[in-house]
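A.B. asks: What shape does this take:
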Amino acid sequence: MDELQLFFLGTFQVLVDGVPVMSFESDKTRALLAYLAIESDRPHRRENLTGLFWPESSERNARKSLSQALYNLRHVISQDDDKGPLEMSSKEVFLPSQDRVQVDVVHFLKLTREVSSHTHSADWACRTCLENLSQVVDLFQGEFLAGLSLPDSADFEVWLRE
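C.D. replies: Numbering: from 1, shown residues only. This next block holds a predicted model:
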């Protein structure tokens, strides 16, 4: 599997082995990747994903749209013949946390949790916390998924703002 880097703080960006990926067929495909990467603690039922991203479509059309988006995702995030990091079945879709999948938001949240839970003997931060905070500043490139909006997917918009 190729190394996959996902940047969602600021402008959406995806790198596969350091090369930018630009061939996403739609904002919904980008949003689906972001959702699967951030919510990577569990598999997601296909009917839940269709309801989240295509709530106004018929069930049949929503399933078809999800299948097309997943096909596009699998193609663009795995540049070789490997299936890539996406795990799919007829019922579920999963993008598990892996060493070769790096997500800026996940790393940002990990660093901020470490700083907030680290106890200090003095009133100021230790060297480790200062280094972590420096990385947090470097990671933060702007608002989460800046410029990405799905006005026809109200539940996604709620998730995006949480």
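
A.B. asks: Output the longest helix seen in the chain as CSV - backbone C-alpha positions only.
C.D. replies: As assigned by DSSP state H, the longest helix anywhere in the chain is helix 59-77. Output of helix 59-77 as CSV, limited to C-alpha atoms (Å, rounded to 0.1, in the frame of the first residue of the first chain):
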residue,chain,number,x,y,z
GLU,A,59,-32.4,4.6,-2.1
ARG,A,60,-31.3,3.1,-5.4
ASN,A,61,-29.7,6.3,-6.7
ALA,A,62,-28.0,6.9,-3.4
ARG,A,63,-26.5,3.4,-3.4
LYS,A,64,-25.3,4.0,-6.9
SER,A,65,-23.8,7.4,-6.0
LEU,A,66,-22.0,5.8,-3.0
SER,A,67,-20.6,3.0,-5.2
GLN,A,68,-19.3,5.5,-7.7
ALA,A,69,-17.7,7.7,-5.0
LEU,A,70,-16.1,4.6,-3.4
TYR,A,71,-14.8,3.4,-6.8
ASN,A,72,-13.3,6.9,-7.4
LEU,A,73,-11.8,6.9,-3.9
ARG,A,74,-10.3,3.5,-4.2
HIS,A,75,-8.8,4.5,-7.6
VAL,A,76,-7.3,7.8,-6.5
ILE,A,77,-5.9,6.8,-3.1
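
A.B. asks: what's the next secondary structure element after that helix?
C.D. replies: Counting by DSSP states H and E, the next helix or strand C-terminal to helix 59-77 is strand 87-88.

A.B. asks: which residues of this protein fall in helices?
C.D. replies: For the chain, helices defined by DSSP H occupy the ranges 27-38, 46-53, 59-77, 104-117, 127-139, 154-161.

A.B. asks: Point out the most buried one among the ones you listed.
C.D. replies: Per-stretch averages of neighbours, counted by mean count of other Cβ atoms under 10 Å, single out helix 27-38 among the helices of the chain, with a mean of 21. (C-beta placed from N, C-alpha, C; glycine too.)
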